[in-house]
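**Q** coords please:
(one chain, ligands or ions: 1)
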Amino acid sequence: MAKRKSMAGGEIIREAQIYDVAVIGGGAAGCMAACAASFSGARTLILEANDRLGRKICATGNGRCNLTNLHVDEKCYHTGGGEDLSAFFARFSVEDNIRFWESRGVYLHDRNGYVYPRTDQASTIADAFDKILRAAGTEIISGSRVTDVKPEEDSEGRVFRIGTKEGRRYFARKVILAGGGAAGPQYGCDGGLYGIARSLGHTVKKPLPALVPLLSDDTDLKAAAGVRCDAGIRLVCGESTFRAERGELQITGKGISGIPVFQISSEASRALDEGRRVFAEIDFLPDFTEEMWEKEKSRRLSEDRNCMLGTFFLGLVNRKVLDLLLRKQGIQAEKKASKVDEDTLVSIMRDMRSFKVRVTGTGGFEQAQVTTGGIPLSQTDKDLMSAFCRGLYMSGELLDVDGICGGYNLQWAFTSGWIAGKSAAEERSSGK
Ligand SMILES: Cc1cc2nc3c(=O)[nH]c(=O)nc-3n(C[C@H](O)[C@H](O)[C@H](O)COP(=O)(O)OP(=O)(O)OC[C@H]3O[C@@H](n4cnc5c(N)ncnc54)[C@H](O)[C@@H]3O)c2cc1C
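**A** Numbering: from 1, shown residues only. From the prediction side, this is the model:
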């Protein structure tokens, strides 16, 4: 015979209707949280707005899901308060992540430290979560967007009332918010959980797009649109210069893109939002040491200049890049090198190593892979429980933690999901 409970709201509900743990959001963090809670014996519900779990997971890593990186390091993450993440990674590490999958028959492989499922299909990970959760007895309700979460008290303690857009209600002793950030709205993330977190006492650091192309109002860039080349890139914001990144740079009609640009985009996004002047300094010859470059410059300057500039500078940078650099000096590539003074030739060569692009914006959230900003980590405890609402936990991109490209963001989602899920389930069983 089911026990009856009277709710603070005056409504009578059966104990059997109350889940131990409800996870809101069935993405990477939410699925991992639900696994951890279910494995710990908690009766667990997962509510997902999309019609399936892990829709965004299916889009990750260009459809292959780069689910972690063998070189994960706290320095690869940005947190609003500069919090140290090492204690979290010690509780669910890269090795734990790999073991989680391989012990369940989902084999992985790595390319230069970037880890993917053996199938090279991101859907393997989303489907595996579905299979693992069903086997663990987790109740999965998809197509259900949560609109409000209200803590109440009954004779047994705290119980959360969870409302959905479709007008359904669910009850749980513990709630884990895992609705992601604002990046990738096309995958179901509308940032709606920020509002729920606010209603429960939290503040939200302004969410901004990260791992995103950078835009420039420099119309000359169009001269080099379509170029993809190996380059070094450094972000310069006023007096601050950030670490240099290197990789395949893409020049688009609207700005710059590619992995090295993504890697500096979180800081660029924040600096732009603060109204600072932002530049990307590009080195089109990242293989040259200073010594090699000095020699190369002297050699070029001592050569016969009775040729067009395009020929004089041949073999150093992509021809469209050269056109862009010449255009900045107001010179045509067809002009004879002998007709250009030496200072200008030196200046063109200097630009090859440090060409400054003024950054005036970033792509929007639909182009971003991740959100920088969100709920400050300082508003949670070591178990990721809310400092303001007992029994409420947070995980994943919703928190103000974002990593660079390369599997770091999914590792954070899995690490934080695991910790929140296990802690919520264990706190339940310890009766706190
Ligand atoms: C195109 C793309 C490629 C990427 N590639 C990689 C990669 O290869 N490696 C990597 O590490 N990272 C990658 N990322 C980043 C990574 O996917 C995210 O950091 C990670 O998925 C965040 O996990 P999460 O669970 O916190 O949020 P999400 O994965 O965004 O999941 C949140 C879930 O919550 C649901 N939800 C939201 N609000 C509600 C609500 N109110 N009610 C119910 N459900 C709700 C959403 O529908 C969604 O399913 C990529 C991102 C994108 C967009």
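**Q** For residue 170, which three-state class applies?
**A** strand (DSSP: H, G, I helix; E, B strand; the rest coil).
**Q** what's the neighbour count on the closest residue to the ligand within the stretch 201-350 of the chain?
**A** Nearest residue of the stretch 201-350 of the chain to the ligand (Cβ to the nearest ligand atom) works out as residue 211 at 7.1 Å. From N, CA and C alone the C-beta is placed, and that goes for glycine too. Residues within reach of residue 211, counting by other Cβ atoms under 10 Å, total 26.
**Q** for residue 292, same thing?
**A** Around residue 292 there are 11 residues (other Cβ under 10 Å).
**Q** if we can go back for a sec, count of residues packed around the nearest residue to the residue of the stretch 201-350 of the chain closest to the ligand once chain neighbours are set aside?
**A** Among residues not flanking residue 211 along the chain, residue 369 sits closest, at 3.7 Å (Cβ to Cβ, 6 or more residues apart in numbering). Residues contacting residue 369 under the criterion other Cβ under 10 Å number 21.
**Q** How about residue 382?
**A** So residue 382, with other Cβ under 10 Å, has 10 neighbours.
**Q** Equivalent analysis for residue 95, please.
**A** Counted with other Cβ under 10 Å, residues neighbouring residue 95 total 10.
**Q** which parts of the helix or strand where it lies are buried?
**A** Per DSSP states H and E, residue 95 falls inside helix 94-102. Judged by neighbour count using 16 or more other Cβ atoms under 10 Å, the buried positions of helix 94-102 are 94, 96-98, 100-101.
**Q** quick one: the helices in this structure?
**A** 28-39, 86-91, 94-102, 122-135, 192-199, 259-273, 290-302, 309-312, 319-329, 342-353, 408-429 (DSSP state H).
**Q** among the ones you listed, which is the most enclosed?
**A** helix 28-39 (a mean of 30; mean count of other Cβ atoms under 10 Å).
**Q** which ones are touching the residue nearest in space to the middle of the chain?
**A** The C-alpha lying nearest the average C-alpha coordinate of the chain belongs to residue 370 (Cα atoms, centre = their mean; 3.1 Å). Taking Cβ atoms under 8 Å, 6 or more residues apart in numbering, we find residue 370 in contact with 181, 183, 210-211, 266, 397, 402-403, 409.
**Q** what residues does the stretch 101-250 of the chain put near the ligand?
**A** For the stretch 101-250 of the chain, the residues in contact with the ligand (Cβ under 6 Å from any ligand atom) are 145-146, 178-180, 183-184, 188-189, 192-193.
**Q** want to try CSV for these, with pLDDT as columns?
**A** Listed next are these as CSV, based on pLDDT from 0 to 100:
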residue, pLDDT
145, 96
146, 97
178, 98
179, 96
180, 96
183, 96
184, 94
188, 83
189, 83
192, 87
193, 95
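**Q** Which members of those are the farthest-apart pair?
**A** For these, the farthest-apart pair by Cβ to Cβ is 146 and 183; their separation is 19.0 Å.
**Q** between the two, who's got more neighbours?
**A** For residue 146 versus residue 183, neighbours defined as other Cβ under 10 Å are more numerous around residue 183 (27 against 23).
**Q** I am assuming the more buried one contacts residue 373, so please confirm or correct that.
**A** No. Checked against Cβ atoms under 8 Å, the pair residue 183 and residue 373 is beyond contact range at 10.5 Å.
**Q** Which residue is the nearest non-sequential neighbour of residue 40?
**A** Once flanking residues are discounted, residue 40 sits nearest to residue 425: 3.6 Å by Cβ to Cβ, 6+ apart.
**Q** any idea how far the ligand is from the one you found?
**A** 18 Å (Cβ to the nearest ligand atom, to the nearest Å).
**Q** and if you look at residue 375?
**A** 11 Å.
**Q** residues touching that residue, list them.
**A** Applying Cβ under 8 Å, 6+ apart to residue 375 gives the contacts 194, 197, 202-205, 394, 398-400.
**Q** What is the nearest of the contacts of residue 370 to residue 80?
**A** So of the contacts of residue 370, ranked by how close each gets to residue 80 (Cβ to Cβ), first place is residue 402, at 9.7 Å.
**Q** Can you check the pLDDT for that closest one?
**A** pLDDT for residue 402: 97.
**Q** ok, now residue 429?
**A** 57.
**Q** Equivalent analysis for residue 239, please.
**A** With respect to pLDDT, residue 239 scores 79.
**Q** Equivalent analysis for residue 10, please.
**A** Per-residue confidence at residue 10 stands at 63 (pLDDT).
**Q** and the helix holding residue 95 with helix 408-429, angle?
**A** When axes from the mean of the first three to the mean of the last three Cα atoms, to 10 degrees is applied, the directions of helix 94-102 and helix 408-429 differ by 80 degrees.
**Q** How far away from the center of its chain is helix 94-102?
**A** Relative to its parent chain, helix 94-102 has a centroid offset of 20 Å by Cα atoms, centre = their mean, to the nearest Å.
**Q** Report the angle between that helix and helix 28-39.
**A** Angle of helix 94-102 versus helix 28-39, following the same axes, to 10 degrees, is 70 degrees.
**Q** Next, the angle helix 122-135 makes with helix 94-102.
**A** Using the same axes, to 10 degrees: helix 94-102 against helix 122-135 is 80 degrees.
**Q** re the thing from before, could I get the helices of the chain in CSV, plus columns for distance to residue 152?
**A** Putting the helices of the chain into CSV (distance: least, Cβ to Cβ, whole Å) gives the following:
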stretch, distance to residue 152
helix 28-39, 21
helix 86-91, 30
helix 94-102, 35
helix 122-135, 27
helix 192-199, 14
helix 259-273, 38
helix 290-302, 67
helix 309-312, 74
helix 319-329, 62
helix 342-353, 63
helix 408-429, 17
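**Q** now the strands: where do they sit in the stretch 51-200 of the chain?
**A** For the stretch 51-200 of the chain, the strands defined by DSSP state E, counting those that start in this stretch occupy 68-69, 77-79, 108-111, 114-117, 139-141, 146-154, 157-164, 169-177.
**Q** Alpha carbons of the third one, as CSV, please.
**A** Taking Å, rounded to 0.1, in the frame of the first residue of the first chain, the C-alpha atoms of strand 108-111 are listed here in CSV:
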residue,chain,number,x,y,z
LEU,A,108,37.8,4.0,-28.2
HIS,A,109,40.9,5.0,-30.1
ASP,A,110,43.0,8.1,-30.1
ARG,A,111,44.7,10.3,-32.7
